[in-house]
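Peer 1: Provided below are the primary sequence and the corresponding predicted coordinates.
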Amino acid sequence: MGQLDRFNALVKDLETGKVRVAEKVDGEWKVNSWVKEIILEGFKYGKLTEMSEGQFGFFDKDTIPVRRFGIGDGVRIVPGGSAVRTGAYLAPSVIVMPPSYVNIGAYVDADTMIDSHALVGSCAQVGRHVHLSAASQLGGVLEPVGALPVIIEDNVFIGGNCGIYEGTVVRQNAVIATGVIINSSTAIYDATTGEYIRANESGQVVVPEGAVVVAGSRPVRKGPGAAEGIHIYTPVIVKYRDAKTSASVVLEDLLR
């Protein structure tokens with residue numbers, strides 16, 4: 001089987017959910033490096049071609065067009081300019097509000113809502129019943145092939161204007177409040193324990209299960225910045241999810 005044939009076969013498996021870029025094995029997320037390698041082949045061997053629609057001009061590799069859905073896919077894509085790239089999986093009952101973008105290798109599980117101006121980056125893995133609020137970003141990663149993508153587990157609520165990047169893992173039932181930014185260099189302060197959560201040996205920040213995270217800051221303790229009262233951005237876990245929190249982030253069934 002040639003490289004392009006192998007790529008095209010992989011795309012089909014990605015779009016049906018048969019193959020995933022990352023999977024949970026014995027409670028830990030593992031990346032399938034070979035999947036990323038084949039995706040990169042699709043970029044390498046594709047030729048730049050015109051994909052224009054109406055008055056808008058689009059030009060991309062012919063191996064990676066926009067994915068076309070049918071009514072049988074059960075995905076609700078609201079009119080208004082959203083795009084899902086080939087090789088992305090959207091489960092039946094997913095809702096995509098306009099305009100949004102889902103990139104190749106992404107996996108979005110059932111009953112998840114992708115709100116307006118949201119991005120699901122390449123290879124990002126999103127669980128069931130997740131709400132990705134307006135203007136929020138899940139960073140993508142294809143290289144290096146061994147790097148874990150952003151992982152959002154089941155029942156996570158991500159508020160508007162959030163940015164989750166560089167292989168961050170958000171465990172199930174967590175709530176990320178409006179405007180929180182998390183990447184591999186972010187230190188998260190847990191106000192319930194007085195401890196900081198930092199990147200693990202693999203370079204990933206892991207947001208604990210059920211954590212409620214808000215934007216915060218901590219003072220600079222050394223140098224001129226300390227004298228000037230300068231603060232450094234720091235997300236803060238203010239509590240862990242309870243019945244009151246769940247009620248405040250519940251999605252109305254009528255929207256689904």
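Peer 2: Sure thing, it's come through. Numbers count the residues shown, from 1 in each chain.

Peer 1: Just the endpoints, please. Distance across stretch 196-210?
Peer 2: 16 Å (Cα to Cα, to the nearest Å).

Peer 1: If you could redo that for stretch 205-224, that was the one I meant.
Peer 2: 29 Å.

Peer 1: Kindly report the same for stretch 114-130.
Peer 2: Chord length of stretch 114-130, first to last residue, is 8 Å (Cα to Cα).

Peer 1: what sits against A187?
Peer 2: By Cβ atoms under 8 Å, 6 or more residues apart in numbering, the contact set of A187 is Y196, I197, R198, T234. In this view, the C-beta of every residue, glycine as well, is placed from N, C-alpha and C.

Peer 1: Please report the distance of it from D111.
Peer 2: In this view, A187 and D111 are 32 Å apart by Cβ to Cβ, to the nearest Å.

Peer 1: pLDDT weak spots in the stretch 151-256 of the chain?
Peer 2: For the stretch 151-256 of the chain, applying pLDDT under 70 flags the ranges 245, 247-256.

Peer 1: In it, what residue spans correspond to strands?
Peer 2: In the stretch 151-256 of the chain, the segments counted as strands under DSSP state E, counting those that start in this stretch are 151-152, 157-158, 163-164, 169-170, 175-176, 181-182, 188-190, 195-197, 206-207, 211-214, 217-219, 231-233, 236-240.

Peer 1: farthest residue from the center of this structure?
Peer 2: Computed with Cα atoms, centre = their mean, the residue of the chain farthest from its C-alpha average is A227, at 38.6 Å.

Peer 1: Report the contact partners of that residue.
Peer 2: Contacts of A227 (Cβ under 8 Å, 6+ apart): none.

Peer 1: For I151, state which of the contacts of A187 is nearest.
Peer 2: Nearest to I151 among the contacts of A187, counting by Cβ to Cβ, is I197 at 15.3 Å.

Peer 1: what number of residues lie near the closest one?
Peer 2: 20 (other Cβ atoms under 10 Å).

Peer 1: Please name the spatially closest residue to it (chain neighbours excluded).
Peer 2: Leaving aside its sequence neighbours, I197 sits nearest to I188 (Cβ to Cβ, 6 or more residues apart in numbering; 4.3 Å).

Peer 1: got a winner among the contacts of A187 for most neighbours?
Peer 2: For those, the largest number of neighbours (other Cβ under 10 Å) sits with I197, at 20 neighbours.

Peer 1: Give the full set of residues in contact with that residue.
Peer 2: Neighbour list for I197: A187, I188, Y189, D190, V205, V206, V207, P208, I237 [criterion: Cβ under 8 Å, 6+ apart].

Peer 1: do L119 as well
Peer 2: Listed by Cβ under 8 Å, 6+ apart, the contact set of L119 reads S100, Y101, N103, S136, Q137, L138.

Peer 1: for the residues you listed, which one is nearest G223?
Peer 2: For the contacts of L119, the nearest to G223 is Q137 (31.7 Å; Cβ to Cβ).
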